[in-house]
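> Let's see this in three dimensions:
(chains A, B, C and D)
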2 protein chains.
Amino acid sequence: MVAPDANTTRTQLLEHAQQLICTRGCNGFSYRDLADLVGVKSATIHYYFPSKDDLLFEAIQAYNMQVMAGIRTHDASEPARQRFEAYLARVSNLCGTNRLCLGGMLAAELMSYSDKVRTAVQAFFHAQEKWVAEVLAQGAAEGTLRFHGTPEEAARAVCATVQGCLLIGRLTREPLKLRETLSALFIDNGAAVEPAVP
Amino acid sequence: MVAPDANTTRTQLLEHAQQLICTRGCNGFSYRDLADLVGVKSATIHYYFPSKDDLLFEAIQAYNMQVMAGIRTHDASEPARQRFEAYLARVSNLCGTNRLCLGGMLAAELMSYSDKVRTAVQAFFHAQEKWVAEVLAQGAAEGTLRFHGTPEEAARAVCATVQGCLLIGRLTREPLKLRETLSALFIDNGAAVEPAVP
DNA sequence: GTCTATACCTCGATAGAC
DNA sequence: GTCTATCGAGGTATAGAC
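Numbering: from 1, shown residues only, chains lettered A, B, ... in the order given. All right, here's what the predicted structure looks like:
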């Protein structure tokens, strides 16, 4: 919730924490690991984030903000297909980085966390699914996207498939083929696989 | 590789280890947690699995065997659609259990592991994708399954989507809708949503 | 704010009695 | 085979000087 202003220690800690979570998971790094990356001592982390639960919570909250802010730059004034392409392009940025989606990683380790963090992870996916559902509904109205079930159901399928692709993509070290994978979800596959964003 | 004969201590340890990994991940439980579940002391675990890496490796190997053995009871003498349904039914068994696929969980925590375990996780998905690709190819020949690209590419997409559905399904505590998500693969969707496996 | 120093715990792992 | 006992390392977290 704190403004991500400058290169403050707090901001650096949060950014490196996100990186560590995305690659190794929250149970896979220690305060010392994080402190070394930023160049401080581990006691300094406790000054900003008293417990690891606090750090985790702030990390997922900030990630949620960042992702949604990036996505929402493409509002309903753009065609749905273009908005959807922009979403996929964002996800594809994780390709080849040894990182998963932070939300996906926390979802995997979900049972290790407090209710507070768990709820935040759920909220992250809820927000994302809601946005995708809106785009799908718009695409249906424009006649450019067709899918099975309600926009909400299809959006959930899209978000799930995205997570699966990230997981398998990192494991096999092969490019994502996210678009091709998602094309199976759409009725009009031939049109959907054409790149719509120049 | 050891025969999973009876209720030996070793077998019980392996089963409970699999359970713990599927729910909390390998970094989310300790030797003491596992020992308590089986009713032995943690030193006993070291007798069977000298290091945690050994335990992990055996767990993924055994899981690989179990899954592939279950899948392979449906061989090419059955229609592809029926084989595919059986596969989805198996996956759906994880629904509502707080468990993920063991392979998927290890794939998430991948960067924490040794090369040996990493390779085993890759082998797990490779075997599964190979089987699914075979079924998809058969379905294409029989005219009952339709997909984009090669059977191998489509199989990878299927396996990725399965993992994503498990991840999101546990998070939101809603039923999987795995079939609906993958329903676009089926040529005759109207028929496909009816249960094909009694 | 950041440090040093440290408390206190849990971890994986080992030695040796039985 | 399973136990008790214990080790050393590393974990989160805190106190207090600066």
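
> Would you mind listing where chain A has pLDDT under the threshold?
A:1-5, A:185, A:187-198 (pLDDT under 70).

> Pull up the residues of it that are close to DNA strand D.
Taking Cβ under 7 Å from any atom of the strand, the part of chain A that reaches DNA strand D is made up of A:Phe29, A:Ser30, A:Tyr31, A:Arg32, A:Asp33, A:Ser42, A:Ala43, A:His46, A:Pro50, A:Ser51, A:Lys52, A:Asp53. All C-beta spots, glycine's among them, are computed from the backbone N, C-alpha and C.

> can you pull the contacts of the residue lying closest to A:Glu152 once chain neighbours are set aside?
Spatial nearest neighbour of A:Glu152, chain neighbours left out: A:Ala133 (4.8 Å); criterion: Cβ to Cβ, 6 or more residues apart in numbering or on different chains. For A:Ala133, the contact set (Cβ atoms under 8 Å, 6 or more residues apart in numbering or on different chains) comprises A:Thr150, A:Pro151, A:Glu152, A:Ala154, A:Ala155.

> Just the buried residues of the helix ranked longest in chain A, please?
Secondary structure assigned by DSSP state H gives helix A:115-142 as the longest helix of chain A. Residues of helix A:115-142 classed as buried by neighbour count (16 or more other Cβ atoms under 10 Å in any protein chain shown): A:117-118, A:120-122, A:124-125, A:127-129, A:131-140.

> could I have the next helix or strand after that helix exported to CSV, CA atoms only?
Note on helix A:115-142: by DSSP states H and E, the next helix or strand toward the C-terminus is helix A:151-172. C-alpha atoms of helix A:151-172 as CSV (Å, rounded to 0.1, in the frame of the first residue of the first chain):
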residue,chain,number,x,y,z
PRO,A,151,-17.5,-15.4,-19.9
GLU,A,152,-16.7,-16.0,-16.2
GLU,A,153,-16.2,-19.8,-16.8
ALA,A,154,-14.1,-19.2,-19.8
ALA,A,155,-12.0,-16.6,-18.0
ARG,A,156,-11.3,-19.0,-15.3
ALA,A,157,-10.2,-21.6,-17.9
VAL,A,158,-7.9,-19.0,-19.5
CYS,A,159,-6.3,-18.1,-16.2
ALA,A,160,-5.8,-21.7,-15.3
THR,A,161,-4.3,-22.5,-18.6
VAL,A,162,-1.9,-19.6,-18.3
GLN,A,163,-0.6,-20.9,-15.0
GLY,A,164,-0.2,-24.4,-16.4
CYS,A,165,1.7,-23.1,-19.4
LEU,A,166,4.1,-21.1,-17.2
LEU,A,167,4.7,-24.1,-15.0
ILE,A,168,5.4,-26.5,-17.9
GLY,A,169,7.2,-24.0,-19.9
ARG,A,170,9.8,-23.4,-17.2
LEU,A,171,10.2,-27.1,-16.6
THR,A,172,10.8,-28.1,-20.1
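
> do you know how far A:Ala80 is from DNA strand C?
According to Cβ to the nearest atom of the strand, to the nearest Å, A:Ala80 stands 45 Å off from DNA strand C.

> cool, and A:Ala108?
18 Å.

> again with A:Ala35
From A:Ala35 to DNA strand C the distance is 7 Å (Cβ to the nearest atom of the strand).

> Now do the same contact list for the nearest residue to that residue once chain neighbours are set aside.
Of all residues beyond its chain neighbours, the one nearest A:Ala35 is A:Ser42 (4.3 Å), with distances taken as Cβ to Cβ, 6+ apart. For A:Ser42, the contacting residues are A:Ser30, A:Tyr31, A:Arg32, A:Leu34, A:Ala35, by Cβ under 8 Å, 6+ apart.

> neighbours of the residue nearest to A:Pro175 when sequence neighbours are not counted, just the number please.
Counting by Cβ to Cβ, 6+ apart, A:Pro175 lies nearest to A:Cys95, which is 6.3 Å off, once chain neighbours are set aside. Neighbours of A:Cys95 under the rule other Cβ atoms under 10 Å in any protein chain shown: 16.

> Doesn't A:Cys95 lie inside a helix?
No: if the criterion is DSSP: H, G, I helix; E, B strand; the rest coil, then A:Cys95 is coil and not within a helix.

> so it sits right up against A:Glu174, yeah?
No: with contacts counted by Cβ atoms under 8 Å, A:Cys95 stays clear of A:Glu174, the gap being 9.6 Å.

> Thank you kindly, that will do.
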